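# Give me the fold of what follows.
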Amino acid sequence: MLSREYRPPFRASASCRMRTPADARAPLFQAKEPTRGQDHRCPLPAEIITAAIIDRLDAGVRPWVKPWRPGLGGRPLRVTGEPYRGINCFWLWLVAEGAGYHSRTWMTFKQADALGGKVRQGERSEIAIFYKSYSKAVASSVTGVTTDELRRVLRSYAVFNADQIEGAL
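Model (predicted):
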């Protein structure tokens, strides 16, 4: 059993809205001390997820082996019923297991509000990743020739588990 006492692995500024992995109700991993001269920026989603995976491995847990409890039924779901894919699936399983959530449904603050629910006071969000690649026709300002340009979008957004929401859902 892991210790209930822990320190965040990142020293994030107060303006960071998303939580670091160590902010979970139940500790997922052993935190590391920040190094001297480390900046106080918000950690990137990749840093948060990588730190959680490494700390689980250091604790002797292989987080990719059955990261769900019996009875949850499958992959994490958006509030619309669509299952998450890619790293979101793995990450939200890891978070739900560590925090002891029984629901596999996740939603944003606005989605909970639209459904008549309220996020409980003191609850903290988790991150979910949005990735999309697309091509766009771009005309050169010099030659006037139109070419297809491959573009990528990578963003993170805050989600809450349905267990963190109270009210009509």
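# can you tell me which strand in the chain is longest?
strand 146-161 (DSSP state E).
# what about the following helix or strand past it, average pLDDT?
Counting by DSSP states H and E, the element after strand 146-161 in chain order, helix or strand, is strand 165-167. When pLDDT is averaged along strand 165-167, the result is 89.
# ok, strand 165-167: who's next to it in the sheet?
Paired with strand 165-167 in the same sheet, following DSSP bridges, are strand 117-119 (antiparallel).
# Could you give me the buried positions within the strand it pairs with?
117, 119 (16 or more other Cβ atoms under 10 Å). (C-beta placed from N, C-alpha, C; glycine too.)
# With stretch 130-138 instead?
Under 16+ other Cβ under 10 Å, stretch 130-138 has no buried positions.
# Pull the residues that contact the longest strand of the chain.
Applying Cβ atoms under 8 Å, 6 or more residues apart in numbering, the contact partners of strand 146-161 are 17-18, 45, 92, 95-96, 99, 101, 103, 105-109, 112, 119, 123, 125-140.
# now swap in stretch 133-140 and tell me
Outside stretch 133-140, the residues that touch it by Cβ under 8 Å, 6+ apart are 145-153.
# try 6 Å
With contacts defined as Cβ atoms under 6 Å, 6 or more residues apart in numbering, stretch 133-140 is touched by 146, 148-152.
# how about Pro43, phi and psi?
Here is the backbone geometry of Pro43 (degrees, to the nearest 10): phi -70, psi 150.
# So for it, what pLDDT did the model give?
pLDDT, Pro43: 80.
# before we move on, what about Ala99?
The model's pLDDT for Ala99 equals 87.
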